[in-house]
Structures are given as structure tokens and as C-alpha cells.
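Visitor: all I have is the shape, not the residue letters:
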């Protein structure tokens, strides 16, 4: 095992070595856009489902109408499938992995999953099974005339990650890496960065695993980026914890201060009542004493 993989295994257990780690990011950011959103989360230029303009537009419209909150996860399945075709892995394996990926995305018993599941199982899977031959034929990354031609996406809120470097270090996994970045950005727009960082590492490590030809350069680059993102997320989490601790301390001091003010006001009020009672008693006692000394102060007929 190389030094890089050894360090990765020791410091990043969730992204350990290729032999020991089971790939898991078929849809790593499931629901990353937020379950309450009803808008299409993926812009058209970043949509990877469909082998041509017509099938791309059709699949986009179906997902937009039926299951927009699942769009990011479904699109990631398509991104993995595109890179699988591009590297000319066995076509049957690519298609089976795609269908399993979309099945995992739509497995939850939600209204959107129920609406989207028939399209993914009956139309999308059958379409690539019977019509994916030409897409597979013209997706050879080793052929300079068949580049991936996808938009390269960088991470939001993590300036030190050097994510753009991954596209040159992992040229045969660019579409998957771009989808990882899109999903992370959607996730971090709803949640804190530290909530999404581990999923990003799983996603990028799985992408690195698939780029077998460039594994020597791809895996170390992904490891570096993953460490940078996790380090940044740790600082964000520490900052949040410090802020939360400050808020708690401030709240406790406020409550204690209000308690002291309440006790002081209660004590002062009680003291004032006692003084008033003593004043009334002193006044009555003085009048009675005066009457006993001076009979003229008594009422006479």
C-alpha cells in the first residue's frame, strides 16, 4: 500500500483504501436541495441525463414535473453513467449500475418517488438498454475527438479546496466530479458545510476509483482536496460551537441578571411595605400619646 493510501486510511477512515472501502456514492447527496423545495434544483446546462438534445429535454421535463427534489441525485446517477461509458467499461455493467442507482434514489415511499419510479424503471432503463449503443460508441474518452464537454463546477464556501485541480488530475471522471460539486453546493446551501463534507469526500473518492487510468495522479489530488474540505468544515464547526457557547453563556448571564434584578425589586418592595406599616403604627401611637398628655385633643361635646 502506498504512503498516500496509508495516510488516507489512518486520517480519513471514511475514505480508506480502494481494497478496503466499498463504493457507496450511487446517490451520495440524496435530498441535498432540501425536501421542502419544489423548484428544479439542477440547471439545464448541468443536466447529464439523456444522450442527445431530445432525450435530455424530455428527461429534464419529466423530473422537473414529477420529482424535482430528487433531481440532484438522479442527475448524479446519469453523471456516473456518462463517465462509465466514456471510459468504455462494459456497457452492460454501466447500464446495470445506472438502473440500480436510480432505484436507490426512488426507493423511499414518498409522493415524488412514487411518481418518478415508473419513469426511471420502465423508460430510462429500457432506453439505455435498447438505445445506448451509439451513445456508448461515441463516448470513448481515449479518443481525442470524444471529450466529455461538461461544465466544470467548483465548490462554494470552501476557497482552499483547489477543486478545479481535480479535473486535470482525473480527466476520465470529470462529469462525476462536477456532479459531486453541484450536489455539495446544493447541500451546503441548506445545511452547514460540516454537514455535507463527508458526503463530498465519499463522492470524490468514488469518482477517483473509477478513473483507473489516472489513479496515480487522481487519488492523491482527491485526498488533498478532501482533507482541505474536512479541515475547513472542522473550523466552521468549531466556530459554530464557539458561537453557540457564547450564546449559552450570554443567556445564562442574562437569566442570572434578571434573577438578581427580580430579587432586588422584591426585597425593595417588601422593605417599602414594611416601612409604610411601621409609619402608620408610629403615627397612631404618636396621636394617642398626645391625647393622653393634652385632653383638649380629645373630642368633647
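Guide: The structure has been received and is ready for your questions. As the structure is a computational prediction, the values presented were derived from the model and not from experiment. Numbering: from 1, shown residues only.
Visitor: quick check, pLDDT for residue 106.
Guide: According to the prediction, residue 106 has pLDDT 91.
Visitor: and for residue 253?
Guide: Residue 253 carries a pLDDT value of 63.
Visitor: and what of residue 70?
Guide: According to the predicted model, the pLDDT of residue 70 comes to 91.
Visitor: what is the burial count for it?
Guide: The burial count assigned to residue 70 is 27, neighbours taken as other Cβ atoms under 10 Å. Where C-beta positions appear, they are placed from N, C-alpha and C, glycine not excepted.
Visitor: now do it against residue 235, distance only.
Guide: In this view, residue 70 and residue 235 are 32 Å apart by Cβ to Cβ, to the nearest Å.
Visitor: what's the closest non-adjacent residue to residue 217?
Guide: Sequence neighbours aside, residue 169 is the residue nearest to residue 217 in space, at 4.7 Å (criterion: Cβ to Cβ, 6 or more residues apart in numbering).
Visitor: my read: that neighbour touches residue 216, true?
Guide: No - contact between residue 169 and residue 216 fails when scored by Cβ atoms under 8 Å: they sit 9.6 Å apart.
Visitor: looking at these two, which has the bigger crowd around it?
Guide: The residue with more neighbours, out of residue 169 and residue 216 and counting by other Cβ under 10 Å, is residue 169; that gives 20 against 10.
Visitor: which residues of the stretch 51-200 of the chain fall in helices?
Guide: Along the stretch 51-200 of the chain, counting by DSSP state H, counting those that start in this stretch, helices occupy 53-66, 71-86, 91-105, 111-118, 125-131, 133-137, 164-169, 174-190, 193-210.
Visitor: mind putting these into TSV with distance to residue 220?
Guide: Putting the helices of the stretch 51-200 of the chain into TSV (distance: least, Cβ to Cβ, whole Å) gives the following:
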stretch	distance to residue 220
helix 53-66	34
helix 71-86	19
helix 91-105	26
helix 111-118	38
helix 125-131	33
helix 133-137	30
helix 164-169	8
helix 174-190	15
helix 193-210	9
